[in-house]
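K.L.:
what follows is a predicted structure for the sequence shown.
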Amino acid sequence: MATLGILFALSVILRVGTMDAPLIAPAQASDPDPVMSVVGPTSPIRAALDEVSALRDRLLAREAEIADRERAVDAAQALIEARLAELEAAEVRLQALIQTSDRAAEEDLARLTQVYESMEAQEAAALFSQMDPNFASGFLTRMSAPASAAIMSELDPATAYAISVVIATRNAGAPTLPAADDPPEGDTES
């Protein structure tokens, strides 16, 4: 019985050995490197690996491009911030210059008003009659009431009237507060 078992096992080994021979032979005939076909990846796996490698290369190139763009944006932002700081500094200088100019103009007007106030009314009226009514009204509103009255009384009536109209209508478009006895707008009784 032991002999029979041994013979049976040898028969199986011989049959299995002869079945593998045709399967290995065609693979070796088509593959020039039989070691790589056994050890390395098969054709579909190799294609997938190549595709993944190409995708990785494209992603790396895209990342480098994005990094370049980020550096360009950072550089542009730094330039914009520097220019904005320059503009802000120029604006501060301009505001200071405007304030200096406004102060100087106000001082000049105050001094000129004082000169006209200290003049004889008849002499000042001769000058005011030559001025544009808008310009003359500016000085007269800065003067004290007695000095303005004295100059206006010496002016030609038409000139005095024109100056008076300018003074009276200068603030006509300004908003006003309602009088205490005026009903609020929108509360009209029917």
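P.N.:
Nice, thanks for sending it over.

K.L.:
burial count for residue 147?
P.N.:
If you count neighbours by other Cβ atoms under 10 Å, residue 147 ends up with 20. The C-beta positions use only the backbone N, C-alpha and C, and glycine is treated the same way.

K.L.:
with residue 53 instead?
P.N.:
Neighbour count of residue 53, defined by other Cβ under 10 Å: 10.

K.L.:
what's the first-to-last distance across stretch 113-125?
P.N.:
End-to-end span of stretch 113-125 (Cα to Cα, to the nearest Å): 13 Å.

K.L.:
in that stretch, what counts as buried?
P.N.:
When burial is assessed from 16 or more other Cβ atoms under 10 Å, stretch 113-125 yields the following buried residues: 113, 116, 117, 119, 121, 124, 125.

K.L.:
which of those residues fall in helices?
P.N.:
Of these, the ones assigned to helices by DSSP state H are 113, 116, 117, 121, 124, 125.

K.L.:
now render the residues you listed as CSV, adding pLDDT and distance to residue 72.
P.N.:
Listed next are those as CSV, based on pLDDT from 0 to 100; distance: Cβ to Cβ, whole Å:
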residue, pLDDT, distance to residue 72
113, 93, 60
116, 93, 64
117, 93, 66
121, 93, 74
124, 94, 69
125, 94, 71
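
K.L.:
can you tell me the SS state at residue 56?
P.N.:
helix (DSSP: H, G, I helix; E, B strand; the rest coil).

K.L.:
measure residue 61 to residue 54 for me?
P.N.:
11 Å (Cβ to Cβ, to the nearest Å).

K.L.:
coming back round to it: out of the ones in helices among the buried residues of stretch 113-125, who's nearest residue 46?
P.N.:
Nearest to residue 46 among these: residue 113, at 98.1 Å, using Cβ to Cβ.

K.L.:
residues contacting the residue nearest to the closest one when sequence neighbours are not counted?
P.N.:
Nearest residue to residue 113, sequence neighbours excluded (Cβ to Cβ, 6 or more residues apart in numbering): residue 142, at 4.4 Å. By Cβ atoms under 8 Å, 6 or more residues apart in numbering, the contact set of residue 142 is 109, 110, 113.

K.L.:
now the most centrally placed residue in the chain: which helix or strand?
P.N.:
Centroid-nearest residue in the chain, with Cα atoms, centre = their mean: residue 80, separated by 10.2 Å. Per DSSP states H and E, residue 80 falls inside helix 43-118.

K.L.:
so what secondary structure elements neighbour that helix?
P.N.:
Contact partners of helix 43-118 among helices and strands, from 3 or more Cβ pairs under 8 Å, 6 or more residues apart in numbering; DSSP states H and E: helix 121-128, helix 133-142, helix 145-154.

K.L.:
least confident secondary structure element in this structure?
P.N.:
Here the helix or strand of the chain ranked lowest by mean pLDDT, DSSP states H and E is helix 34-39, holding a mean of 49.
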